[in-house]
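>>> coords please:
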Amino acid sequence: MKVRSQFTSFASVVSLVAGLLAVVGLTGQAAATTECQLSQGPIKHVISIVFDNTHYTRDRANVPSDLEQMPHLLNFIQDNGTLLTNDHTILISHTAGGILSGLTGLYPDRQGQTVSNSYRYFKPDGTTASSTSFKYWTDLVDDTSITPADPLPNMVTDGGLTTPAPWVPYTRAGCDFGGVGTANIELENTGTGPFGDISQVFGCPSAECTEATNANTATPRTAEGSIALTDFVGIAIHCADGGGICADPANSSNARPDRLPDEPGGYTDFQGLFGAKYVNPAITGGDAAVNDTDGNPVTDPFGQPGFPGFDEMLAKNTLGYVAQMQEAGIPVTYAYISDAHDNHTSSFPAPFSPDFPRASGPGESDYQDQLAAYDDAFQIFFDRLAAEGIDKSNTLFAITVDEGDHYAGGTSSDGTWSHTFCNLSAGQSCPANQVGEVNLNINSVLPSGYTPPTYSIHNDSAPTFYVNGNPNRNDVNLRQFERNLSTVRALDPYVSGLPTPVTVAMADTVGEQALHMVNADFRRTPSFTLFGNPDYFIKATNTNCPDSAHSVASCIDYHFAWSHCDIQPDIASTWLGLVGPGVKNLGVDSTTWTDHVNLRPTILLLAGLKDDYVHDGRVLVETLNKSVLPQALVSHGTTVGQLLTVYEQLNAPFGQFGLDLLTSSTRALASGTSGSDATYTSIENTIQTLTNQRDDVATKIKTALGAATFDGQALKQSDVKTWIGQAQALIQQAHALANP
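Alright, predicted model coming up:
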């Protein structure tokens, strides 16, 4: 992944007595879950886990896939529930956007992260600034200025409000909700600016703000500089209505108001425990550390108990926290596990390894060892929970991945890969088993003599471009820039070693809207997005190349080799495993087409809860027993099934409608001349019309499906047939536009 954390580490190996913690956990469970009201059926626990960049399909034919190398996890899902392998991510495909779509059931245009893991936004003077997707739920885009350059929420939804928070239905139902490293539901940083994470939750002045301020001004990569992150970031419990674990006298002084001022229906008098400093003793009976699944305390690189860093959310650390929370009576836990592709070992803290992070290739020993360790952690995790009576009979397990990856690398028959820089601009020949993305300076491959308009770029394999002044999409200079970019070529040693097209597809503000990439904050909308050859990581300068002249065209950077954000099938395709009461035991389902936004409504239906807003996703009826489905979703049988299928192909970013409009957008942006842009105008106008019509039909469908699922409202057969016909007609029109 393109780095989320400030640093990473291995937890130290000081052991505690796991048996004592288990006893403490059971005592807490009896006290804390008394008032929790999940489903009226057998579900008493919800465990939702999202992996970063973990694959069901193979990246090289001769190497088992990630899930194949974790048989305890794979078999648990296949033997007890359903593994959906035709799942899809969102656009732009990245960690934050993928996780948050699953958490909310909303596409990025309705939860804010239309470009992630960071994004740019236009300031009032027409230039741009950068912000990060990873912030606490209520933070602003510009969280450092007293007068923000962009005053809207980072998690922005319809009307410019903060997106409804995913823990609310659970806490309103009397259930404590634990977060372990999952995007934006715990603190993500130690910011003490006017709207930073520490400021938002603890306030400034406060003891926590003082600790964070001191840490932020201390020498980086030291115990002093790391302690605030260790204490406050990445771990949280949102406490139930009535107090939950926050009401325990041992914890009440550490609880803080859980503020959600924009929450539909209101959200007052709720509290939370924020950070391992306060969560750990609450779930262990007073101990400062939580054990990983191996029985060792989870610490930062300096042996300080607490959050180890996002890249160090290895399976053993994450699952250790989830198990401890569940045993302590936190019945709902949402957790994140970092990717297994990158070598998380370094000589940090002294000295910091220049080879970190370093991508590993398929079949490489450290990669395989890491997956084996992940598998061991899952075996211990499932056995540990089962010993406490937390299993498939009373627990809903939802396990998925944020995005897929394209492996940028050569060929290797034995899992040996070359981890070196390779300067393509200097004519250097890369080894056949080279690993690493092609860092491409996009300016170096523009036509000779051409000077583009002043712009900023969000570097990626699918970079977004922000032209200064935020000109109208048909601006002459902007249009010429798009035309020129549509034809650029560069060396790709993994294809042929010859100049290769860089641009696969393009979308300006019209196409971006069709792909759910335009949210309520107009300042964040890119001038256009280039979806590239995924072997390339596209920049405006090459600071990563081992050459003092950063204007060089391209080099191989072995630190990163797993590309996402783009539109290729290996990036778009993900997986989802469901196990628990109400879930069919189908094993592997490779047929049902689904995407991230379907996770939220499916979990809530099974848990007997509901949100105060309409989801973009729909319940995965194909995977659920008829006994748990509302009558409205089964009464019309085949017809409702047709509606669900056509709805996704109409509305999902990777549905047929969206991909066909992206094809048309690409043709439009590449067309014309500075003196004649009739083709562009015609295609774009049609895309806009079809998108508006899509939005109208999709809103009717998802509103009716939500009412049928959560409010018991019947679906009229006549309406269902009308919507199917309208959706099919729009899909056909989009397809015709893409294939003139």
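
>>> for the stretch 551-700 of the chain, which segments count as strands?
In the stretch 551-700 of the chain, the segments counted as strands under DSSP state E, counting those that start in this stretch are 554-557, 562-563, 573-579, 587-589.

>>> mind giving me the packing neighbours of the second one?
Using 3 or more Cβ pairs under 8 Å, 6 or more residues apart in numbering; DSSP states H and E as the contact test, the elements touching strand 562-563 are strand 406-407. Any C-beta I mention is one placed from the backbone N, CA and C, and that applies to glycine too.

>>> the helix or strand just after the strand it packs on pairs with which strands, parallel or anti?
Where DSSP states H and E defines the elements, the next helix or strand beyond strand 406-407 is strand 437-441. Paired strands of strand 437-441, with direction, are strand 536-539 (parallel), strand 554-557 (antiparallel) (DSSP bridges).

>>> now S101: how far from R358?
29 Å (Cβ to Cβ, to the nearest Å).

>>> run a quick neighbour tally on T284.
Neighbour count for T284, taken as other Cβ atoms under 10 Å: 21.

>>> cool, and R489?
Neighbour count for R489, taken as other Cβ under 10 Å: 13.

>>> skipping adjacent residues, who's closest to it in space?
P499 (4.1 Å; Cβ to Cβ, 6 or more residues apart in numbering).

>>> state the pLDDT value of that neighbour.
P499 is assigned a pLDDT of 88 by the prediction.

>>> list the contacts of it.
R489, A490, L491 (Cβ atoms under 8 Å, 6 or more residues apart in numbering).

>>> dump the strands of the stretch 551-700 of the chain into CSV; add mean neighbour count, mean pLDDT and distance to A173 as well.
Converted to CSV, those look like this (neighbours: other Cβ atoms under 10 Å; pLDDT from 0 to 100; distance: least, Cβ to Cβ, whole Å):
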stretch, mean neighbour count, mean pLDDT, distance to A173
strand 554-557, 26, 86, 48
strand 562-563, 26, 94, 38
strand 573-579, 25, 98, 21
strand 587-589, 15, 98, 30
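
>>> indicate which one of those is closest to F51.
With Cβ to Cβ, the closest approach to F51 among the strands of the stretch 551-700 of the chain belongs to strand 573-579: 9.2 Å.

>>> just checking, what packs against the closest one?
Here strand 573-579 touches helix 71-80, strand 81-88, strand 395-401, going by 3+ Cβ pairs under 8 Å, 6+ apart.

>>> partner strands of it, with direction?
strand 81-88 (antiparallel), strand 395-401 (antiparallel).

>>> relative to V168, which of these is closest?
Nearest of the strands paired with strand 573-579 (Cβ to Cβ): strand 395-401, 17.8 Å.

>>> rewinding a little: any chance of the strands of the stretch 551-700 of the chain in TSV, plus distance to A714?
Output for those, formatted as TSV (distance: least, Cβ to Cβ, whole Å):
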stretch	distance to A714
strand 554-557	57
strand 562-563	46
strand 573-579	26
strand 587-589	28
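
>>> what's the closest of the ones you listed to P362?
Per Cβ to Cβ, nearest to P362 of those: strand 562-563, 10.4 Å.

>>> strand partners (parallel or antiparallel) of the closest one?
strand 406-407 (antiparallel).

>>> tell me where the stretch 151-300 of the chain has helices.
168-172, 197-202, 207-217, 223-232, 276-284 (DSSP state H, counting those that start in this stretch).

>>> looking at these, which is nearest to T138?
Between the helices of the stretch 151-300 of the chain, helix 197-202 lies closest to T138; by Cβ to Cβ that is 5.6 Å.

>>> tell me the helices and strands packed up against the closest one.
helix 207-217, helix 223-232, strand 271-274.

>>> and the first one, what's buried?
Judged by neighbour count using 16 or more other Cβ atoms under 10 Å, the buried positions of helix 207-217 are E208, C209, E211, A212, T213, A215, N216.

>>> any residues touching that helix, and which ones?
190-192, 198-199, 201-203, 224-229, 231-232, 275.

>>> buried subset of those residues?
190-192, 198-199, 201-202, 225-229, 231-232, 275.

>>> now do the closest residue to K702 other than its chain neighbours against E512, distance only.
Closest residue to K702 apart from its sequence neighbours, by Cβ to Cβ, 6+ apart: V614 at 5.7 Å. With distances taken as Cβ to Cβ, V614 is found 22 Å from E512.

>>> same check, this time on P124
Applying Cβ to Cβ, the value for P124 to E512 is 22 Å.

>>> P581 now?
41 Å.
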